[in-house]
Each structure stands twice: as structure tokens, then as C-alpha cells.
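A predicted structure for the sequence below; I have some questions about it.
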Amino acid sequence: MKRNTLLLAALSLVAGARAADLPAMWAERVKCTVAVEYVTQTELERRPTIAYGTVVDSDGTIILPSAAIDLRISPKQLRDFKVYLPGDPEGTPAEYLGRDAFTGWHFVRAGAAVRERLVPVTRFAGPGGPAEVGLADDVWGIGIRNKDEDFTPYILKSHVALLQLLPQRTAISQQEVAGPGLPVFDSAGRFVGIGSSSFGQTFLEFSSSDRGGSPVMLVNIEESSAFLVASEVLPYVGRIPKNPFGRPLAWLGAYGLEPMDREVASFLKLQSQSGAVVSEVLEGSPAEKAGLKAHDIVLGVDGKALPRFKPDRVVVDYIERLIAARLPGDTMTLTVLRGTASLDLKAELAEEPRLVREANRVYFERIGFTAREFVYGDAIARHSKTGDLTGVVAHLVKPNSPADIAGLRPDDWIKEIDGAEVKDIDSALVTLAAIESDLLRKETVFLVRRGSDTAVLRIKLR
């Protein structure tokens with residue numbers, strides 16, 4: 001009895017010491033968190049956005065989660081980046097460095113004036129490599145309030161309830177433990193992960209008149225119960241993009257991957273692993289050159305079978321990450337099942353074709369729309385030949401403008417202007433600029449494709 005009492009007293013002292021240490025740990029670790037404000041400059045508005053990030057090195061480099069910046073937005077439209085320290089209402093200028101395709105993170109660099117007040121999260125990694133977490137381990141993290149509350153930081157605490165491959169190793173705590181993009185620590189203050197995008201929780205709603213309410217999905221966008229573990233973070237904090245578009249970008253060209261159906265896997269006796277079915281092989285792609293065909297089932301990469309993932313759809317993200325981790329010119333060996341035959345196909349990855357967010361675009365105020373370069377991805381989406389990149393796309397149509405009144409819609413493919421074929425973006429811009437500047441001109445005529453339909457739009461300018 002006396003022995004148990006002494007043990008309980010010792011445990012109580014340890015717990016008390018740890019609790020006493022927490023305010024000191026908090027005061028130092030909150031310095032590796034920031035709020036990042038930026039403006040998206042569109043043709044019609046300036047839209048401010050706030051995201052939260054973690055400092056990863058002594059140069060003031062900050063990582064933001066993938067969802068912090070809309071991937072449809074061109075980096076050329078991002079303006080006025082500022083970094084705010086928690087609790088400080090005054091922001092300092094920062095620079096957007098780009099997005100890394102492998103991690104999905106956006107990288108931002110704080111200005112020199114504020115760097116000495118920041119502490120890299122790597123300082124709390126602890127000796128011997130990334131700290132690991134296990135089931136039921138106590139963890140705590142940081143949240144940050146909104147701008148109108150001076151980005152006041154606050155603490156969140158929970159314990160690990162589940163560890164899962166999604167496809168990155170992810171810990172899920174019993175309740176919210178950090179803001180998305182913000183760090184998580186163990187009871188000893190070691191860095192153990194970064195908050196992921198929040199997981200939704202499903203509830204049933206009942207009322208006095210409706211006993212069988214429909215499920216309601218609630219998503220907490222400011223806090224998350226899921227976090228990427230440190231071993232999925234620390235090895236990659238140096239993947240700083242060389243340019244805002246994140247290039248070079250490796251490309252395979254296997255389109256529309258889908259997880260292998262479980263019944264098919266059972267029939268093929270492949271229950272112990274995941275597989276991905278190829279929907280389409282893109283014209284002229286490394287996948288086509290390697291001999292990959294539609295309906296092939298990818299079972300392995302570089303001699304290693306794909307792990308078993310739950311849910312099944314995670315395997316698609318896994319393969320895409322394997323590609324994104326490489327460079328154009330690298331070779332990837334795919335083990336595929338075609339019918340009953342197993343094949344090893346070697347593909348030399350290429351530079352990914354120009355993306356929509358990289359496409360040239362110009363707004364024409366008088367006509368009321370933005371003309372955007374037609375790129376490879378547009379051809380894929382429209383089931384057109386990828387070698388035919390003629391025409392331009394209506395990227396934005398201003399409400400109540402002449403283009404809008406005439407029936408032009410975003411994503412319309414403009415094939416002709418005033419009866420002349422639009423060969424490329426440069427020729428289109430010359431033509432449209434001449435129309436825009438001719439104040440005596442009464443109308444212009446566009447031939448557009450929308451899905452499988454073709455229409456002639458007569459745009460009245462006066």
C-alpha cells in the first residue's frame with residue numbers, strides 16, 4: 001500500500017512538473033507560427049486572404065498547407081504578402097516562393113526585418129531524428145485567432161486516437177489539436193507534426209416534427225484533429241521551389257487513375273495490396289511511349305508492390321506523390337497487370353505541359369472578358385487532340401458586359417474571331433486589342449465551342 005502511494009505521488013510530481021513546463025515551452029514554440037495575409041488580384045476585385053503557417057528555417061521560410069492558396073489562381077495574381085507574428089497587429093512584407101508539387105505546401109519567406117523574432121520549428125525536433133507518436137500519446141498544438149483579434153495564439157490539447165496512411169502517415173487525435181498548417185508537440189515539447197486540413201464530422205439532426213433527420217457534415221476550418229507526423233514533414237522542409245510555379249514538374253501522363261475494385265482484387269487474389277486502374281493514356285506522354293494502355297492495373301513502382309491503403313482511393317494520391325517527388329528525365333518502372341499478364345514498363349518522365357495557372361491571359365474591359373491561352377489540360381478536358389492547341393479560352397466574363405449579354409460563358413473555347421481562325425494566344429491578343437481600341441466599332445463575332453456544341457455569338461460593343 002505504501003509503495004503504491006509513493007508511486008502515485010511520484011507520478012503526480014512528474015505530471016505537475018510537465019504542467020509547469022508547458023507555459024515556458026508554449027512561450028518559445030509559439031514563435032515558430034505566423035499568420036500570412038495576401039491579396040488575390042482578379043480583373044474585377046482585390047480579395048484578401050489569411051492563412052496560417054510554420055517557420056522551418058533561419059531564413060524565415062514558412063510553409064503553408066496546400067489549401068491555403070487556390071490552385072486555379074495564377075501566382076501572377078497573388079499580391080502584397082505580409083507576415084504577422086501571433087498577437088502582433090502589424091504585418092511585415094513577405095515573398096511568395098511557390099508551391100512544391102510533392103508536399104503540396106506553399107512556401108513563403110518573411111522579410112529580413114522580422115526574421116530574428118522567428119524560431120524554426122526544426123529547433124524542437126529533438127535528437128535522433130523526428131519524434132514519433134503512438135496511440136494514446138498526449139499531444140498539444142497551437143491555434144491562432146483572426147485578424148480582428150490581433151492573431152492571438154491559443155493552446156489545444158488532446159491525445160492520439162488513430163494512426164493511418166492517407167497516403168502520408170497521419171495521426172488523428174480525439175479532438176482538435178492544432179490549426180491547419182500549425183505545429184503539434186508532445187508532452188516533452190518535441191515537434192511531432194503539422195495540422196492537416198480539418199476532417200468533417202457527421203451528425204444527425206432531429207426536431208420535434210422530424211424524428212429521422214438527414215446527416216449533417218460539420219467542418220471546423222480553423223482547427224483540425226488530424227496532423228502529418230514529423231517524419232512526413234522534417235525530411236521535406238528544404239523542398240523550396242525554384243520559381244513561383246514550382247517547376248520543374250515531372251509528368252507521366254496516365255490520366256484518370258482509379259483504385260482497383262475490391263471484388264476485382266479478390267478475383268485476382270490481390271487482397272493484400274492496392275492497385276490503380278488507368279482510365280486513359282495521354283497522347284505523346286511518357287506513359288504512352290512506355291507502352292502503358294488504358295485499363296492496365298498498376299500494381300507496383302520500381303519493383304515495390306503498392307502498399308494496401310484504406311480507403312482504397314488513397315492509392316491514387318500515393319502514385320501521384322511518387323511522380324511529383326521526381327524530376328523530368330528520371331526513369332520510373334511500372335509493374336502492371338494487363339489481362340492475366342504481368343509487365344514491367346519503363347517510363348522516362350518528362351516536363352509537365354504548361355498548366356492553366358501558367359497560361360497567358362489578358363482582360364479586355366470594353367468587350368468584358370479575359371482571354372486565356374489554350375493549354376494541354378484544356379485539350380484533355382475537351383477530349384480534343386492535344387496537338388491542336390489553337391483558339392483561346394474565355395477565362396472570366398464580366399457580369400452585364402457586352403460579352404455576357406451576348407451569351408459568352410467562362411470556359412468557352414473561342415475558335416474564330418470575326419470569321420478568322422484563332423491560331424494561338426498571341427494572334428488573338430493582337431486581334432482583340434484592335435477591336436478594343438476601335439471606339440467606332442459596333443460589334444465583333446465569336447465562334448465558340450461549349451462541350452459538343454458550337455455557337456456564333458454576336459457581341460454588341462455600342
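Thanks, I have it. Remember, it's a predicted structure, so these values are computed and weren't measured experimentally.

correct me, but A371 touches G391?
No - in this structure A371 lies outside contact range of G391 using CB atoms under 8 Å: 9.9 Å. Any C-beta I mention is one placed from the backbone N, CA and C, and that applies to glycine too.

name the residues contacting each of the two.
Counting by CB atoms under 8 Å, 6 or more residues apart in numbering, the contacts common to A371 and G391 are 414, 428.

pretty sure W26 sits in a helix.
Yes - using DSSP: H, G, I helix; E, B strand; the rest coil, the secondary structure at W26 is a helix.

ok, and the closest non-adjacent residue to it?
Distances taken as CB to CB, 6 or more residues apart in numbering place I155 nearest to W26, at 6.1 Å, with adjacent residues excluded.

buried residues of stretch 383-401, list them for me.
Residues of stretch 383-401 classed as buried by neighbour count (16 or more other CB atoms under 10 Å): 384, 386, 389-398, 401.

just flag the most distant two among these.
T386 and S401 (31.7 Å; CB to CB).

neighbours around the residue nearest to W26, how many?
Counted by other CB atoms under 10 Å, the residues lying close to I155 total 15.

OK, contacts around it?
Here I155 is in contact with 22, 26, 140-143 (CB under 8 Å, 6+ apart).

ok, A325 next?
102, 250.

with S225 instead?
Shown in contact with S225 (CB under 8 Å, 6+ apart): 158, 172-177, 198-199.

output the longest strand belonging to the protein.
In the chain, with assignment by DSSP state E, the single longest strand is strand 153-165.

need the buried residues of stretch 383-401 in CSV (columns: distance to A420, pLDDT and secondary structure).
Below are the buried residues of stretch 383-401 laid out as CSV (distance: CB to CB, whole Å; pLDDT from 0 to 100; DSSP: H, G, I helix; E, B strand; the rest coil):
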residue, distance to A420, pLDDT, secondary structure
S384, 20, 89, coil
T386, 24, 84, coil
L389, 17, 89, coil
T390, 12, 94, coil
G391, 12, 96, coil
V392, 13, 97, strand
V393, 17, 97, strand
A394, 17, 97, strand
H395, 21, 96, strand
L396, 23, 95, strand
V397, 21, 97, strand
K398, 24, 97, coil
S401, 22, 97, coil
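
wait, S187 touches D138, no?
Yes - counting by CB under 8 Å, D138 is a contact partner of S187 at 4.8 Å.

and those two? which has more neighbours close in?
Taking other CB under 10 Å, S187 and D138 do not tie; S187 has more neighbours (19 against 15).

how about the contacts made by that one?
18, 137-140.

so which of these belong to strands?
Those of the contacts of S187 lying in strands (DSSP E): 138-140.

out of the residues you listed, which is nearest to G377?
Distance ranking of the ones in strands among the contacts of S187 against G377, using CB to CB, places V139 first at 40.0 Å.

tell me which element the nearest residue to R321 once chain neighbours are set aside falls in.
Distances taken as CB to CB, 6+ apart place F102 nearest to R321, at 6.1 Å, with adjacent residues excluded. Applying DSSP states H and E as the criterion places F102 outside every helix and strand.

how many neighbours does F102 have?
The tally of other residues near F102 (other CB under 10 Å) stands at 17.

that one and A324 touch, don't they?
Yes - counting by CB under 8 Å, A324 is a contact partner of F102 at 4.2 Å.

so what touches stretch 269-279?
Taking CB under 8 Å, 6+ apart as the rule, stretch 269-279 contacts 254-260, 262, 265, 287, 292-299, 305-309, 312, 314-316, 318-319, 336-337.

oh sorry, the question was meant for stretch 363-376
Taking CB under 8 Å, 6+ apart as the rule, stretch 363-376 contacts 43, 353-356, 358-362, 386, 389-398, 401-404, 408, 413-414, 424-425, 428-429, 432-433, 435-436, 444, 459, 461.

rewinding a little: right, and out of the buried residues of stretch 383-401, which lies closest to G87?
L396 (38.5 Å).

give the contact list for the closest one.
Shown in contact with L396 (CB under 8 Å, 6+ apart): 42-44, 363, 369-370, 410.

how is this structure divided into domains?
Domain assignment for the chain by automatic domain parsing gives 31-121, 128-236, 250-351, 356-460.

can you tell me which of those comes nearest to P244?
When those are compared by CB to CB, domain 31-121 sits nearest P244, at 3.7 Å.

for the closest one, give the mean pLDDT please.
Average pLDDT, domain 31-121: 96.

can you put the domains of the chain in a markdown table and add distance to P244?
Shown next, in a markdown table, are those (distance: least, CB to CB, whole Å):
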| stretch | distance to P244 |
| --- | --- |
| domain 31-121 | 4 |
| domain 128-236 | 19 |
| domain 250-351 | 16 |
| domain 356-460 | 10 |
